[in-house]
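In: Need coordinates for the below:
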Amino acid sequence: MASKGGKKDGGSFKKTAKDLFERSLEGRTEEQQRNVDQLRRHLVSLGEKSVVAVRVQTTDAVYGFSEAVLRREVFGIRGETGQDDTLNLSSGYAQCSFGALTFTPLASETGNDGGDEVSIVDGVVTISVDVASNGISDSIVRNAVTDKIKAVFGSDMQAVADYWMYCLPPGTSGSWIAYAYVNHYISVYNNQWCNFPSGQMHELGHNLGYAHSGESQTYDDQSGMMGYSYSQDEGPVMCFNAAKSWQTGWYGVSGEYGDKTLEYSSGDGCLVTTLSGIADYDTTPNKVLIKIVNPSNNGADLFVAFNAKKGINSGTIEAGNQVTVVQVGSGGGEVYSESTLLGKLSAGGSYTTGSNFGGDLTVEVVGISGTTDSADVTIYFGSECTVTPPPVPTPPPTPMPTKEGQSGPQMASYNAALGAPKCSFGSTCDSGDTLNGRGTIANGNELDRPNALNSCTDGSSGSYHSDESIDKIVVSQASGSLNDFTEGDVVTISATVWCWSSGTSDFIDFYYASDASNPEWTKIGDRQQCPGGGQQTVSASYTLPEGSIQAVRANMMYQSSTAGAASCTSGSYDDTDDLVITVKPDQPVGSPTAPPTALPTANLTQNPTAQPTQNPTPQPSNAPTTSQPTP
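Out: Presented below is the predicted three-dimensional model:
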């Protein structure tokens, strides 16, 4: 969400915080001074911060939720609503920072509005302003709210609370969502966007000095909260990308569980190390962030992290369980600067810098352990790494031999030649986050869209997780068997979809094709209606035909319509996604031939067919004609 104003002043430190740095610098080593400097820069991202969420009422409208609901959605206070809220501003920052930064509701404060008492209770207050809002610029309403707060509680708003969130009524002009002032204390939200945790964390992030995170455009790095925001009440559960995580200071010298960051420069030789995800910061001995200093010393540094999709980061939308490479524009990851996601690396992948970096640098992912546990990386300047990685210890023997044909569950990765995600041999094929979203839908662009093998296209109307989308497809053995997919097996396709409203207007068709390179689609069963609104799972089963590289398809449509020749619909809210699976032949290679017949196939000949040779061969053969039996 764009930041209106871009104001970079304001927001002074508290006196008690400054006291940390008022002692003499005499006697500090260079390393100690560097740590103190980092603490000073990161101070804004540390400690307990008080917050007031303002429920705004104008002359013709009011923010659409009660004070109790607003208190629950921002701070997680159940109160009189009787409902829990697990992900919100308070819980999101507390869990991502491991308690280093907490946003707490201002307990209470009372002011006077022309003789009427106005009270802030548990971080929430209703402020009435004498301006209209329907069709009026949000800036007019915002300025009126600021003036009223100062009149009621005093001109120094930060003497009352560290941060103020303005929840405006619906109907102001324009299609804006939310915005905030950079390094400031005010953020502004369009009605229900005050309730969504990603919007809250994104805008308070601007207040803290975090800039946007992009990939091909300003907001589309979906690996962290400074990219898009999402209209979800309890998600996505994720933190910040590598560059913003470095800027926070939560995992460095200021962190609760020690400094698990590493700074790497061109003179440091070849770096061979293991990275854990930030969700494991409190338990891992490994580093969780690497900063690579730009040899040009211009502050446009790179940041490397393992984006493990688990725990506090289990809902990351993009690059889950991959090593990410992110670059900032300036400031070395210590100040406000937009970042760009440059690399998303799986095991065996590598990224080499181009003209955007002042040296020839390579980041390689040697391997990823346990999908979400850790990633072994090698980083070096120049043409090759001359350091030999430490030997990998031999794992203990498995209790029983692994059965032939059990490759286990597989995560799909995008196959450019086919134009869709593909799995190798396995008992399950999971699309992961490769299909999440739809087309170029607002706040939910689908990666490598349209992810369809033929000429199908996705509609791009509506907004993510308000309107229709197919977010994941999983193919699994219907019996639960661990054996690899084999011709003749019965498999189940499960599609995780987002259904609009109550779901009664949304429908899903399933198809399969025996040859993914030249698909001829066969429909599976009858068309299914969404079982409800929001996130739902629909499924269908079929028998795998002959074919080594097969495909399944889910086609979701708004209102029931006829699929075209390509077995997909083309409505503006429709989504078609394919998943390619690898299938073994039904007859295993090298199977025994048929047993001999019980009786001779013809009568015995009356005489031998030939006379025996007169003499034996002069020497026996050198070796038996058959090999030894397999032990």
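
In: Helices along the chain, start to end?
Out: Secondary structure of the chain (DSSP state H): helices at 15-18, 30-42, 67-75, 89-96, 138-153, 157-160, 197-208, 242-248.

In: Check the average confidence over the last one, would you?
Out: Right, helix 242-248. The average pLDDT for helix 242-248 rounds to 96.

In: With just CA atoms, put that helix into PDB.
Out: Below are the C-alpha coordinates for helix 242-248, written out as PDB (Å, rounded to 0.1, in the frame of the first residue of the first chain):
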ATOM      1  CA  ALA A 242      15.500 -10.700   4.600                       C
ATOM      2  CA  ALA A 243      16.300  -7.000   4.200                       C
ATOM      3  CA  LYS A 244      13.500  -5.800   6.500                       C
ATOM      4  CA  SER A 245      14.400  -8.600   9.000                       C
ATOM      5  CA  TRP A 246      17.900  -7.200   9.100                       C
ATOM      6  CA  GLN A 247      16.600  -3.700   9.600                       C
ATOM      7  CA  THR A 248      14.500  -4.700  12.600                       C
END
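
In: Remind me what that helix packs against, helices and strands.
Out: strand 289-292, strand 302-306, strand 323-328 (3 or more Cβ pairs under 8 Å, 6 or more residues apart in numbering; DSSP states H and E). Any C-beta I mention is one placed from the backbone N, CA and C, and that applies to glycine too.

In: what do you get for the fifth one?
Out: Helix 138-153 sits against strand 47-57, strand 108-113, strand 116-121, strand 124-128, helix 157-160, strand 163-168, strand 186-190, with contacts defined as 3+ Cβ pairs under 8 Å, 6+ apart.

In: I'd like to know which of the ones you listed lies nearest to residue 174.
Out: Residue 174 lies closest to strand 186-190 among those, at 8.8 Å (Cβ to Cβ).

In: Output the contacting helices and strands for that closest one.
Out: Applying 3+ Cβ pairs under 8 Å, 6+ apart, one finds that strand 186-190 makes contact with helix 138-153, strand 163-168, strand 178-180, helix 197-208.

In: As a markdown table, these with mean pLDDT would be great.
Out: What follows is these, written out as a markdown table (pLDDT from 0 to 100):
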| stretch | mean pLDDT |
| --- | --- |
| helix 138-153 | 97 |
| strand 163-168 | 98 |
| strand 178-180 | 97 |
| helix 197-208 | 97 |
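
In: and the helices and strands packed on helix 138-153 as a markdown table, adding distance to residue 72 and mean neighbour count?
Out: Below are the helices and strands packed on helix 138-153 laid out as a markdown table (distance: least, Cβ to Cβ, whole Å; neighbours: other Cβ atoms under 10 Å):
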| stretch | distance to residue 72 | mean neighbour count |
| --- | --- | --- |
| strand 47-57 | 11 | 21 |
| strand 108-113 | 18 | 14 |
| strand 116-121 | 13 | 14 |
| strand 124-128 | 10 | 22 |
| helix 157-160 | 22 | 15 |
| strand 163-168 | 13 | 26 |
| strand 186-190 | 16 | 26 |
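
In: Ok, which of these comes nearest residue 324?
Out: strand 186-190 (26.8 Å).
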